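**Student:** this one's structure only:
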């Protein structure tokens, strides 16, 4: 994991719940969000070799869903909405 960006720390201080999404914690983050009653599932895209691979997490129903890629910060606001703050390219 990387250091928490100041903007994310400010959101946490304002009552937001946050997760930094990584390949190692995607199952836990998905489960946490499911427990909140919000649909979440892996987000898949073609890799460099053209094969599909999981690259992040889709949160919420269309329209209005958000996509978090590995390394991004997922923010759940006190009103129940979600936003994503870009993180480093890939966090392990």
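**Tutor:** Arrived safely, thanks for sending. Not measured: the values here are computed from a predicted model.
**Student:** Show me where the protein has its strands.
**Tutor:** 17-20, 40-46, 52-59, 66-69, 73-76, 82-85 (DSSP state E).
**Student:** so what secondary structure elements neighbour the fourth one?
**Tutor:** Using 3 or more CB pairs under 8 Å, 6 or more residues apart in numbering; DSSP states H and E as the contact criterion, the elements in contact with strand 66-69 are strand 40-46, strand 52-59, strand 82-85. (Each C-beta comes from the backbone N, C-alpha and C, glycine too.)
**Student:** Adding mean pLDDT and mean neighbour count as columns, could you present the strands of the chain in JSON lines?
**Tutor:** As requested, those are exported to JSON lines (pLDDT from 0 to 100; neighbours: other CB atoms under 10 Å):
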{"stretch": "strand 17-20", "mean pLDDT": "97", "mean neighbour count": "17"}
{"stretch": "strand 40-46", "mean pLDDT": "96", "mean neighbour count": "14"}
{"stretch": "strand 52-59", "mean pLDDT": "97", "mean neighbour count": "17"}
{"stretch": "strand 66-69", "mean pLDDT": "97", "mean neighbour count": "19"}
{"stretch": "strand 73-76", "mean pLDDT": "98", "mean neighbour count": "22"}
{"stretch": "strand 82-85", "mean pLDDT": "96", "mean neighbour count": "16"}
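**Student:** hang on, the earlier thing: and residue 8, which of the helices and strands packed on strand 66-69 is closest to it?
**Tutor:** strand 82-85 (6.1 Å; CB to CB).
**Student:** Does anything pack onto that closest one? Which helices or strands?
**Tutor:** Counting by 3+ CB pairs under 8 Å, 6+ apart, strand 82-85 packs on strand 66-69, strand 73-76.
**Student:** Given the last one, what are its sheet partners and their directions?
**Tutor:** Strand pairing for strand 73-76, using DSSP bridges, gives strand 17-20 (antiparallel), strand 82-85 (antiparallel).
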